[in-house]
Each structure stands twice: as structure tokens, then as C-alpha cells.
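J.: Sequence first, predicted coordinates after that:
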Amino acid sequence: MNVQNFAALAVGLAALSPASAGATAIFVANHSFEDQVLTDGGFVNGFPPAGWSSGLAEPSGPLNPLDTEFAGPVPDGQNVMFSATGYDGTPYYSGDVYQNVAASLAANTRYTLTVDVGRSLNADLADFAVELAGGSFLNFATLASGSFDDLAAGQFRTLTVTFDSLAAQDMPLWIRLRTTHNPQQGQTQRIAFFDNVRLDASPLDAAAVPEPSAWAMMILGFAGAGAALRRRHGPLSATASPRG
């Protein structure tokens, strides 16, 4: 098989791989934490951003950061959400902010959660998790979770978390933005920042069906492969005797 025929076949087969197709955005209330108008440097601590929920006196809330907080503008709008960990007198504390985004899980659906996570120039990054969760806020079941710990100071990075729901379930779907304290990091306050929370749902079945152009590429690839094999072996001899 020559290079051109192999390339055509590879392109066609690649089209069979699952991919996001026909994605539909799921509404996320106050997805960029802009609902509260804050002055430069202003923040609300201990209360979740509008449209979100949290536990009692969580060290989290909306923030309109100063220019000295990050190396450039925040990903979307002016505000972000901060969530801190550290030592506050006696207990170590952590942050947990969440939002119910669907009443149930659909069948054959891929849920894709995308969040921009930031690290300040003025504080170390807290251990954090971006999660899709099911069930009740009193008893969350983590469906998918993502994190990283190598973010440069002053930067934001996009984190994507996916969950494939194969069967319909009468289970509420939640987004959770969490920070947890790591005792090995000492008592110094650490903070994670979140912005531009997006959630899409796409059908798994449709994602695996090739487009017409992909089918054409596959047909050309297979035809080219067959022609190459025929040229390699040559035509059958007219005088060849069948095996008895």
C-alpha cells in the first residue's frame, strides 16, 4: 500500500473515533461569577457566588482581582471565584462550592465540563478538584474529577472533565469546585481561582458516526489498498491448474 492510500485509509478510520458531535450547552447560572458587582480588589468571603451553594462559612466567594494578582486579564469578564485552604485558629479549612445543573442524567450522553483555573502571583495554588457529581448535596457521588498542580504563578489554564452516561438515571447532576488542605504543605494559606465554567452535553451515538466525507475517504482508502495489493501480486496465470 503506498503512502497516499494509507493516509486516506487512516483518515477514514480516524473518523470512527468518538468525538464531540452536536454538543448542546447546559445552562450554568453565573458561570463567570459576574452577577455581583465588585470594586477593584473587592471580594465576598464565606458566602458562595450568586447562583451557587456551599457549606457553612466556606472560605470561598467572588473576587474582582487587582491587576497585581495575575499576569494578564482573567479569562472571562472581571470577576473570578476564589477558594482557599489553610489554618484558621484551630481547624484546617477547605472550600466546597457547587451548583445543580440538571435534574437527571440522559442516556448515551457525554457531559463535558470546562473550567479555567488560576494561580495568583501572591499565593500558592491550593490542592483543588473540578468535579461532575451526582446525587444529593448531602451525599455527593463523584462521577468525574480533574486537577493539576503544575500551574505557573499568575496564569490560568483550562481544565476539561468528561463523563459518559450510558443509561438514563434519575440522578441530579452537579458541578463542584473544591479545595482541600494538604497538611504536608504547612499552615500557609493557599488559594485556587476559578472562572468561565461551561458544561456541554453531546450524544455518544452521533459522535461515533462518520460524516459523509469521511465515508468517502474510507472507500477511497480501501479501494486504493485493494489496487495496491493486486499490483503487488500481479494477475493470475491463465494456465494455472486448480488444486485437486
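T.: Okay, I see it. Note that the structure is predicted; figures quoted are calculated from it, not measured. Numbers count the residues shown, from 1 in each chain.

J.: and the residue nearest the centre of the chain, bridged to which residues?
T.: In the chain, the centroid-proximal residue (Cα atoms, centre = their mean) is residue 160; its distance is 1.8 Å. Partner residues in beta bridges with residue 160, using DSSP bridges, are residue 114.

J.: Please identify the pairing partners of the strand ranked longest in the chain and their relative orientation?
T.: With DSSP state E setting the assignment, residue counts place strand 190-203 as the longest strand in the chain. Pairing partners of strand 190-203, with direction, according to DSSP bridges: strand 24-26 (antiparallel), strand 80-87 (antiparallel), strand 109-118 (antiparallel).

J.: Please point out which parts of that strand sit buried.
T.: Buried residues in strand 190-203, counting neighbours by 16 or more other Cβ atoms under 10 Å, are found at 190-203. For every residue, glycine as well, the C-beta is placed using N, CA and C.

J.: mind listing the helices for the protein?
T.: In the chain, helices defined by DSSP state H lie at 3-14, 204-207, 212-233, listed in chain order.

J.: any residues touching stretch 65-77, and which ones?
T.: The contact list for stretch 65-77, computed with Cβ atoms under 8 Å, 6 or more residues apart in numbering, reads 32-34, 40-41, 80, 116, 118, 120-122, 153-156, 158, 193, 195-196.

J.: 10 Å instead?
T.: Applying Cβ atoms under 10 Å, 6 or more residues apart in numbering, the external contacts of stretch 65-77 come out as 31-34, 38, 40-43, 63-64, 78-80, 82, 115-123, 152-158, 191, 193-198.

J.: how far is it from where the chain is centred?
T.: 22 Å (Cα atoms, centre = their mean, to the nearest Å).
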